[in-house]
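Q: Compute the structure for the input listed below.
(one chain, ligands or ions: 1)
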Amino acid sequence: MKSKKDKTKETLSVLPHQLSDEELEDLDVDVSDLEHFPAKNQYGYKLFDANGNTALTEQERSEMVGQLEQKFIEISEILRISRRDPNCTHTPLRIARMYVNELFKGRYNPPPQPTVFPNRKKVDELIISKGIEVMSVCSHHFQPISGECSIGYIPNDYVIGLSKLSRIVDWFARRGQIQEELGEQIADYIVELLQPKALGVVIRARHYCMIARGVKGSEEKSLMITSVMRGELLEDMNLRNEFLKLIEN
Ligand SMILES: [Zn+2]
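A: Okay, here's the model as predicted:
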């Protein structure tokens, strides 16, 4: 059987744009020229993967928008889209702002530091928030991922406001993501924050890279469901069934 390395060597004589999407996924890319980027940001999060975090100052943010606008002007030219078309005149700037301030804003904002409250009544049952909006962008195509997230937990010493869960989801979603990692990251963060006895994070989302590209059967295939269970929800099947029943639509 051929190893991944052999495959890389074999395909090196071919330019990436000549490969199919599947072949592209198997291709190892030499990223050694990116080594000068710092590995971690001020919060200890790994940086230059698509969903790493790097909080920007207002100044850095506007510089980033300016640089991006220039690049999107070049992209328009390569795509032979004239900015004399009044609908496209300011499109490069709009796209630049959209990426920095909306689609990837979680990446450029510091992480939420929600207040947690003591669990005074010693609540020992599932607390569930469902229908939390998930608006993200897939790391593979930069196309929207749109859906909803359900979070359930059994508290230990602390509880958290439900609106804070939405903020945590939004912060992790607003960057290039793959859905599997999104669920894990949300779960890790809540575990760190609350140390709950049980935690479940279920995400149902549509991936517009499938729909927009017209991939065959994309309406069904684009719906992805991921589930992350921690603590008692991982071990106790009855509890897990109760949780899954309660978050059913
Ligand atoms: Zn995609």
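Q: Could I get the pLDDT score of the residue nearest in space to the middle of the chain?
A: With distances taken as CA atoms, centre = their mean, the residue of the chain nearest its centroid is residue 177 (2.9 Å). Reading off the per-residue confidence, residue 177 sits at a pLDDT of 93.
Q: For it, list each beta-bridge partner.
A: Taking DSSP bridges, one obtains residue 138 as the residues bridged to residue 177.
Q: Tell me the spacing between it and residue 234.
A: Computed with CB to CB, to the nearest Å, the distance linking residue 177 and residue 234 is 23 Å. Quick note: C-beta positions are derived from backbone N, CA and C, even for glycine.
Q: Just the buried positions in the helix or strand containing residue 134, please.
A: For residue 134, the host element (DSSP states H and E) is strand 127-138. Counting neighbours by 16 or more other CB atoms under 10 Å, one finds that the buried residues in strand 127-138 are 127, 128, 129, 132, 134, 135, 136, 137, 138.
Q: who are the neighbours in contact with the second one?
A: Taking CB atoms under 8 Å, 6 or more residues apart in numbering as the contact definition, residue 128 lies against 150, 151, 152, 243, 246, 247.
Q: Which residue ranges of the protein form helices?
A: Counting by DSSP state H, the segments of the chain that form helices are 4-11, 21-26, 58-78, 91-97, 105-108, 162-173, 179-194, 208-213, 218-221, 232-235, 237-246.
Q: need those helices in a markdown table with distance to residue 119 and mean neighbour count, can you?
A: Supplementary listing: the helices of the chain in a markdown table, determined by distance: least, CB to CB, whole Å; neighbours: other CB atoms under 10 Å:
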| stretch | distance to residue 119 | mean neighbour count |
| --- | --- | --- |
| helix 4-11 | 48 | 12 |
| helix 21-26 | 45 | 11 |
| helix 58-78 | 38 | 13 |
| helix 91-97 | 42 | 17 |
| helix 105-108 | 28 | 20 |
| helix 162-173 | 15 | 20 |
| helix 179-194 | 9 | 18 |
| helix 208-213 | 40 | 16 |
| helix 218-221 | 42 | 12 |
| helix 232-235 | 15 | 17 |
| helix 237-246 | 18 | 14 |
